[in-house]
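[1] whatever this is, show me its structure:
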Amino acid sequence: MSRIIVGGGISGLSAAYYAMKQPTNQPLIVLEATDRFGGWLKTTRLIDGTIFEQAARTIRPSGISGANTLQLVEELGLGDEIMPVSKLSPAAKNRMIYANGSLHSLPNSLMGLFRRQEPFSKPLIYYLMNDVITPKKHVLGDDESLYSFASRRFGNEVADYLISPVVCGICGGDAKEISVKFLMKPLFEKEQRYGSVLQGLFFDGLTKKRENLMDSRLLLRSRSEKWNVYSFKNGIEVLPRTLKKKLDSKGIDIRANTKIVDVELNKHSVICKTESGDCIVGNEIISSIPAFELSTLLKNHHPELASILASIQYASMCVVNLQYNGKVIPKEGFGFLVAPNEESPLLGVIFDSCCFPYRETTVLTAMIGGYKYHKYINNNTSEKEMEIIALKELKRMLKLDEKPQSVKVQFLKNCIPQYMVGHEMKVKEIEGYIKRNRLPLAICGSSYYGVGVNDVIFSAKKAIDEIRD
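    Residues are numbered from 1 along each chain as shown. Coordinates of the predicted model:
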C-alpha cells in the first residue's frame, strides 16, 4: 500500500522528501492537479537576468522552523546558491510606513525609541510603558484580534500605524479580524501569564533556555554573518525545483495534471478518485492543499470535518512586479507598508533591488488587494488596469514618475489563508476529528500552522512524523 501526498507545492514536496528519508519500503505517490510544481513559489527571470518573484522572495533563518529549512537547504546542496541579506544592510534596517499622506521611517535603533517620529504622536517608549501600567484582561475564548490586543497593551497608534500595516504585508489581512495568535502569540501568552508583555519578557528572559536547534553548517554561517533573510541566486523557486529533482532521482512516483475530486478515508485505507475516473489506493494520505480544497474532497464521507475545513477563509492578491532603469526610489530599504486607514488598494511595496542589487536597475513589487481585494478587483479587471493602479499609487506615495522598463502582473486567487480569531481552536477541532475517527490523514501547508515558507516546510516534517506514529 502507498502513502499518498496531495499537492505539489513547497509543503507537499517537502512532505515527500521527509517521507522518502524514513527507513521504510512504503511507496510514495505525489499528486499535483496542475502541470506545474512549486505552488505559489514562482520566479520569473527576464532576458537581462532580472528576477521577479510572484509571492515569497526571502526566508528568515531564525527559530526552529528557520533552522529546519536551512538543514533542508544544506541537504539539497543549495548552500552555495544562497544570497543573504545582512542585519546591518539598509534592506534590513530601513522599513517604512505610508500613513497620513506621507512616507515615514520606523525607528531602527534603541535611541529611536526615545525620539518622536511620524506618524506617531509620541516616542515609541511611551507606548511600551503603557503596557506596564495597563492591567491584564482575561480574554473570552482565550483569543482576540491583533488590533484589539495591540491597542489594549500599546495604544491605538501602534495598532493603526504598526500592527495593522504589518498584518497587511504578511497575510493581506485585517488586523481587526486576524487572531493575535497568528503574529503575537508569545506576547499574548506573556500578558496572560505575567500581567503585561514587558514583565513577561523580563521574567522569561531570566529562565529562557536555548532552543534545541539543528546546528547545521548553514545555521552557524547565518549566525556568524548576521543574516536577516536570504534567498537564492536564481530566485526562491530553486528550492521546490531542487526538491522535485531530488525526488525524481530517487524514483518517487510524482504525477502532474492529476486532479483529485473525492477522497474516501477508512481506518486502514485511502481511495482517491481522479477527475479522469481513475482510483488511486493507499493506506495513508498527507494533504498539503488549501483547507477549502481538502473540504471539497471529504464532504461526501466526512461532512463534519469538511465543514470545519471550509470555515478557514482565504484572501486573494494581485502582485505587480516592475523594473526601472537606474535608481528611482528616494531611500534604500526593505520597502514600505500602507496603513489601512489610507483607503488605498495598495498593501505595500517591496524594494527588491535593495535586498539583491542587480546592475543599475530598480526592481519593485507592489502588493494589491488582500482583504480589500474585491473592493478594487473583479473577474473582469485586466492586467493593464492593475498596472495603471500600481503606477498611480507609486506616483502618489513615492513621487515616482518614471515609466517602468518591464512590468508583470499576476492575480493570485485565494492564495493566503486568514487566521481569524478562533483559528487555533479550529485547527484543534480538525486534529481532534482525525484522531477520534482514527483517519489515516495528516495535514500540512499554509492553512493551519503558519503561512511562511519556514512554517509550511516544518509543518510537512511534523505531518510525516505524526502519521508515522
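
[2] same for the helix or strand bottoming out on mean pLDDT in the chain, what does it pack against?
    Using mean pLDDT, DSSP states H and E, helix 197-207 stands out as the lowest-scoring helix or strand of the chain, at a mean of 80. For helix 197-207, the packing partners by 3 or more CB pairs under 8 Å, 6 or more residues apart in numbering; DSSP states H and E come out as helix 124-133, helix 185-194. In this view, the C-beta of every residue, glycine as well, is placed from N, C-alpha and C.

[3] any weak-confidence spans in the protein?
    Across the chain, residues meeting the criterion (pLDDT under 70) sit at 206-214, 468-469.

[4] which residues touch Ile312?
    Ala291, Phe292, Pro417, Gln418, His423, Lys426, Ser447 (CB atoms under 8 Å, 6 or more residues apart in numbering).

[5] quick one: the helices in the stretch 351-469 of the chain?
    352-355, 373-376, 383-398, 423-436, 453-468 (DSSP state H, counting those that start in this stretch).

[6] which parts of the last one are buried?
    Taking 16 or more other CB atoms under 10 Å as the neighbour-count basis, helix 453-468 is seen to contain the buried residues 453-464, 467.

[7] which parts of the protein belong to which domain?
    Taking automatic domain parsing as the domain assignment, the ranges for the chain are 2-36+235-302+437-468, 90-207.

[8] if we can go back for a sec, chain center to the least confident helix or strand of the chain: distance?
    28 Å (CA atoms, centre = their mean, to the nearest Å).

[9] then that helix to CSV, C-alphas only?
    Extracted in CSV, the C-alpha atoms of helix 197-207 (Å, rounded to 0.1, in the frame of the first residue of the first chain):
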residue,chain,number,x,y,z
VAL,A,197,4.1,41.9,27.9
LEU,A,198,7.3,43.6,29.2
GLN,A,199,7.1,41.8,32.5
GLY,A,200,6.7,38.5,30.7
LEU,A,201,9.7,39.3,28.5
PHE,A,202,11.7,40.1,31.6
PHE,A,203,10.8,37.0,33.7
ASP,A,204,11.0,34.6,30.7
GLY,A,205,14.4,36.1,29.9
LEU,A,206,15.7,35.1,33.3
THR,A,207,14.8,31.5,32.7
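
[10] how close does the residue nearest to Gly370 when sequence neighbours are not counted get to Lys331?
    Spatial nearest neighbour of Gly370, excluding adjacent residues (CB to CB, 6 or more residues apart in numbering): Gly172 at 2.5 Å. Applying CB to CB, to the nearest Å, the value for Gly172 to Lys331 is 25 Å.

[11] so between the two, which is more surrounded?
    Gly172 (26 against 13; other CB atoms under 10 Å).

[12] strands of the stretch 301-450 of the chain, start to end?
    313-325, 335-338, 346-351, 361-370, 406-418, 441-443 (DSSP state E, counting those that start in this stretch).

[13] mind checking which of these is nearest Leu72?
    strand 441-443 (18.4 Å; CB to CB).

[14] all the strands of the stretch 151-300 of the chain, in order from the start?
    Remark: strands assigned in the stretch 151-300 of the chain by DSSP E, counting those that start in this stretch are 227-232, 253-255, 260-265, 270-274, 279-287.

[15] adding distance to Thr24, write those strands out as TSV.
    Formatted as TSV, those follow (distance: least, CB to CB, whole Å):
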stretch	distance to Thr24
strand 227-232	31
strand 253-255	15
strand 260-265	21
strand 270-274	17
strand 279-287	11
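
[16] and among these, the most buried is which?
    Among these, strand 227-232 has the highest mean neighbour count (mean count of other CB atoms under 10 Å), at a mean of 22.

[17] elements contacting it?
    Using 3+ CB pairs under 8 Å, 6+ apart, strand 227-232 is in contact with strand 82-86, helix 90-93.
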